[in-house]
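Visitor: I'd like to go over a predicted model; first the sequence, then the structure.
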Amino acid sequence: MNVTSPGLNPGLSNSINNSAAQIASGKKVNSAADSPAAIALISQFSSQILGNNAAHRNVMDGVSALQVAEGGISDITDSLHQLRELGLQSGNGTLNDSDRAAIQKQAEGLLAGIQDALGNSQFNNTSLLNNSDEVTLQTGANEGQQQALPSFDLTAEFTNVGLFDIDFTTDSLSDTLDSIDQALDISDTASSAFGAAHNRLESTAASLTSATINQSSSRSQIEDTDYAAAVSEQTKQLIAREVEIALLGQANANRGQVLQLLNMPG
């Protein structure tokens, strides 16, 4: 440092200002000028974190859709078991036509309940029970990180096995039970698929949360101020500034004394 210069050291002034900005903002990187490389890394981490958060919301929507579907398939399975029990009751040779008509009426009520469950089990107007189209979720921050939810057109599948046409008053017991058993197989297949997809999405959600925590920590290490170090550095800089001011003051005083001597009459 040239103590005879009329001004203070600009480099020290910049350092003091940077330290003050870091302490005030809580960030040690406040602009690209502070560290271009760090700014690029911070931007990358921020992009990933935002992407993870959006993907996590998608995943949780998928979980909700699966929960609705699982609830609907559970109700349908319960109704199918009750239908099978009614079918077995109708096989009692001691029943008369009136008894079988009463059983058929119960069966029709259960079948109507199954159709209601198929129609009402929707999440945000999307059904996984009455939908032949694939439902895809973006489950990651990057391209290609997607998962497809299982979806079934159960109305069509149940219709194909004759579930909605069973008649306990006229059909043979073997045909009736065969239709119900096929419907149960279809229901069990859908239930298993929903359960597996649910578990996978829960795992994905946990992974996204963990990744976000780790990325946030890494970004913080690059971006956030270490207050102890920043305050210590600022203290040293301020001491250096005080010394600089003192030296400049002394230098100016000495120069004044020299000028006075030079201006004295001989």
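Guide: Okay, I see it. Numbers count the residues shown, from 1 in each chain.
Visitor: can you give me the strands in the stretch 151-266 of the chain?
Guide: Shown for the stretch 151-266 of the chain, no strands are assigned by DSSP state E, counting those that start in this stretch.
Visitor: list the contacts for residue 133?
Guide: Residues in contact with residue 133 (Cβ atoms under 8 Å, 6 or more residues apart in numbering) are residue 151. For every residue, glycine as well, the C-beta is placed using N, CA and C.
Visitor: what's the distance between it and residue 126?
Guide: Going from residue 133 to residue 126 by Cβ to Cβ, to the nearest Å gives 9 Å.
Visitor: before we move on, what about residue 170?
Guide: Residue 170 sits 39 Å away from residue 126, going by Cβ to Cβ.
Visitor: Look at these two and report which has more neighbours.
Guide: residue 126 (16 against 9; other Cβ atoms under 10 Å).
Visitor: Check whether the more buried one really touches residue 65, as I assumed.
Guide: Yes - counting by Cβ atoms under 8 Å, residue 126 touches residue 65, with 6.2 Å between them.
Visitor: Overlap of the contact sets of these two?
Guide: By Cβ under 8 Å, 6+ apart, the residues touching both residue 126 and residue 65 are residue 135.
Visitor: OK, contacts around residue 177?
Guide: Residue 177 makes contacts with 84, 87-88, as judged by Cβ under 8 Å, 6+ apart.
Visitor: again, only this time at 6 Å
Guide: residue 87 (Cβ atoms under 6 Å, 6 or more residues apart in numbering).
Visitor: With residue 121 instead?
Guide: 68-69, 72, 129 are the contacts of residue 121 under Cβ under 6 Å, 6+ apart.
Visitor: That one - nearest residue in space that isn't next to it in sequence?
Guide: Ranked by Cβ to Cβ, 6 or more residues apart in numbering and with sequence neighbours excluded, the top spatial neighbour of residue 121 is residue 72, at 3.0 Å.
Visitor: What of residue 65?
Guide: Once flanking residues are discounted, residue 65 sits nearest to residue 123: 4.0 Å by Cβ to Cβ, 6+ apart.
Visitor: Got the confidence number for the one you found?
Guide: On the pLDDT scale, residue 123 is placed at 94.
Visitor: Can you pull out the low-pLDDT segments for the stretch 151-266 of the chain?
Guide: Low-confidence segments of the stretch 151-266 of the chain, defined by pLDDT under 70: 171, 224-266.
Visitor: Which helix or which strand is home to the spatially most central residue of the chain?
Guide: The centroid of the chain falls nearest to residue 56 when counting by Cα atoms, centre = their mean (1.0 Å). If you go by DSSP states H and E, residue 56 is part of helix 36-90.
Visitor: which SSE is residue 137 in?
Guide: strand 135-138.
Visitor: who does that strand pair up with?
Guide: strand 146-149 (antiparallel) (DSSP bridges).
Visitor: So which residues make contact with the partner strand?
Guide: Here strand 146-149 makes contact (Cβ under 6 Å, 6+ apart) with 62, 134-139, 197.
Visitor: Rank these by pLDDT and give me only the lowest.
Guide: Ranked by pLDDT, the contacts of strand 146-149 bottom out at residue 134, which has 86.
Visitor: ok now do the closest residue to residue 79 other than its chain neighbours, which residues does it touch?
Guide: Excluding the flanking residues, the one nearest residue 79 by Cβ to Cβ, 6+ apart is residue 110, at 4.6 Å. The contact partners of residue 110, by Cβ under 6 Å, 6+ apart, come to 79, 82-83.
Visitor: And residue 213, how close does it get to residue 47?
Guide: To residue 47, residue 213 is 16 Å away according to Cβ to Cβ.
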